[in-house]
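# Have a look; sequence and predicted model below, questions after that.
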Amino acid sequence: MKQAQRLKSVRYDIRGPVLRRAQQMEEAGHRILKLNIGNPAPWGLSTPEPIVADVVYNLGAAQGYSDARGIYSARVAVAQYYQNQGVTSVQPDDVMLGNGVSELIVMSLQALLDTGDEVLVPSPDYPLWTGAVTLCGGRAVHYRCDENAGWLPDLDHLAAQITPHTRAMVIINPNNPTGAVYSRQTLLDMLELARRHQLLVFADEIYDKIVYDGAQHHTLAALAPDVPIVSMGGLSKTYRAAGFRSGWLAVSGFTGRDTDYLDGLQLLANMRLCPNVPAQHAVQTALGGFQSIEPLIGPGGRLYEQRERAWQELTAIPGVDCVKPAGALYLFARLDPAVYKIHDDERLVIDLLEQQQMLLSHGTSFNIDEPNYLRLVFLAPTDVLGDAIGRLGTFLSTYQQ
């Protein structure tokens, strides 16, 4: 029985052959240190108790289908969240809840794309965006982010990728995998390109509250009330509720002429019946309550100190460089090609896995061309990170392809 032909060109390598090899090793009795995905719970970063309590308290009322867009209290909370960020036009009817942002990414692209339509996606990217564009019959056109400029988008390269077939632009800020936090001027310049070419903008802002060293996240929709923007966020990272699968989108900047797209989005929401109802009851408490992420991201906070330790030790390995992330949960490290002659980075991480029982993600899985990057998640405690980076240094000291 063959898979659908359209899947042949869809890639999602961060859960691909490398993970399957790790699972085989676990089944054989090996203990694998997994620093490959941003999953807080295994490292003791638990969902705040008030959020869990509200979900439990409302279980009795969460047994039936909800409105296809999500329960009203959650949509009000999301609308108020964006209003407080300066997106004053957003109302509860402009909000849609989803089974994580992942579902909403696919739905929002399905509602937009016909075969051959193009979407501008950053390189490196969160690979679901590229995979979902392809799955929807579109073509992901990657715009370069410049490592020498702190991984900010190369605006000239971005502008050069726009064609008559371009329908939308994806902006991931703070960025996964690089940890870049975009300046206000960078975002304004990107929005001006979208305005000039009448593009829909997808704002992936799942890490909006996870920033370090005084970096400021600018809510994209607040900068351009006249540009159609689909803003996305959720509970998985800031609120450490990855398994709840509770995300949202909010639309802004749409006019009466744009309702056809929104009608399509509503159709897709209706077809899935509704998002996970119990987890929707977490949204109001999460957004309106104490922001427990804040003690974690400042000096002395756990995420801050883990980032510091991991970055310092990683860049101490000869031939390894890394732009210090200003946001998110990842280090995107470069292996100097003059020191490490890597031509297959998937082979590299499999060899690392088999020799050191440690799982990282290879750079080309994030749709970057050069095969000399690795992504390391710094959610683990500092002693675990120190051990992991020590293993990586030992491995690299003798590794050849």
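Thanks, I have the structure now. Residues are numbered from 1 along each chain as shown.

# Now do whichever strand or helix holds D387: distance to the chain's middle.
D387 is part of helix 382-398, with elements assigned from DSSP states H and E. Chain-centre distance of helix 382-398: 26 Å, with CA atoms, centre = their mean, to the nearest Å.

# tell me which residues in it are buried?
Buried residues in helix 382-398, defined by neighbour count with 16 or more other CB atoms under 10 Å: T382, V384, L385, A388, I389, R391, L392, F395, L396. (Glycine included, C-beta is placed from N, CA and C.)

# try stretch 130-137
Of all the residues in stretch 130-137, those buried under the rule 16+ other CB under 10 Å are T130, G131, A132, V133, T134, L135, C136.

# for stretch 39-53, same thing?
N39, P40, W43, L45, T47, P48, I51.

# Next step: those restricted to helices.
I51 (DSSP state H).

# residues near L109, how many?
By the measure other CB atoms under 10 Å, the count of residues near L109 is 24.

# What residue, apart from its backbone neighbours, is nearest it spatially?
C136 (4.6 Å; CB to CB, 6 or more residues apart in numbering).

# quick one on the thing from earlier: next, format the buried residues of helix 382-398 as CSV and append distance to V101 and pLDDT.
CSV is the format used below for the buried residues of helix 382-398 (distance: CB to CB, whole Å; pLDDT from 0 to 100):
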residue, distance to V101, pLDDT
T382, 29, 97
V384, 27, 97
L385, 26, 97
A388, 27, 96
I389, 29, 97
R391, 32, 96
L392, 30, 97
F395, 33, 96
L396, 34, 96
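
# what residue ranges in the stretch 251-400 of the chain score low on pLDDT?
For the stretch 251-400 of the chain, no stretch has pLDDT under 70.

# rewinding a little: which helices and strands sit right next to the helix holding D387?
strand 33-34, helix 302-315, helix 345-356, strand 358-359, strand 373-377 (3 or more CB pairs under 8 Å, 6 or more residues apart in numbering; DSSP states H and E).

# Now do it: everything it contacts.
Residues outside helix 382-398 that contact it (CB atoms under 8 Å, 6 or more residues apart in numbering) are 33, 35, 43, 305-306, 309-310, 313-314, 316-317, 319-320, 335, 340, 351-352, 355-356, 358, 360, 376, 378, 380.

# Break the protein into its domains for me.
5-46+295-398, 49-288 (automatic domain parsing).

# List the buried residues in stretch 51-71.
Buried residues in stretch 51-71, counted by 16+ other CB under 10 Å: I51, D54, V55, N58, A62, S66, D67, A68, R69, G70, I71.

# Doesn't the second one belong to a strand?
No: the assignment for D54 by DSSP: H, G, I helix; E, B strand; the rest coil gives helix, which leaves it out of any strand.

# before we move on, which element is the closest residue to it other than its chain neighbours in?
Leaving aside its chain neighbours, D54 sits nearest to T285 (4.4 Å; criterion: CB to CB, 6+ apart). Here T285, judged by DSSP H and E, is contained in helix 283-288.

# For the helix or strand following that helix, buried residues please.
Remark: after helix 283-288, the chain's next helix or strand is helix 294-297, criterion DSSP H and E. Buried positions in helix 294-297, judged by neighbour count with 16+ other CB under 10 Å: L296, I297.

# Kindly spell out which helices and strands sit in contact with helix 294-297.
Using 3+ CB pairs under 8 Å, 6+ apart: helix 294-297 touches helix 302-315.

# Check which residues of the helix it packs on are buried.
Buried residues in helix 302-315, counted by 16+ other CB under 10 Å: 302-311, 313-315.

# got it, and stretch 186-203?
Buried residues in stretch 186-203 (16+ other CB under 10 Å): T186, L187, M190, L191, L193, A194, L199, L200, V201, F202, A203.

# what sits up against the helix or strand in which the second one is found?
Secondary structure here is read from DSSP H and E; on that basis L187 sits in helix 184-197. Helix 184-197 has contacts (CB under 8 Å, 6+ apart) with 152-153, 155, 158-159, 162, 166, 169, 171, 173, 199-201, 216, 218, 220, 223-224, 226-227.
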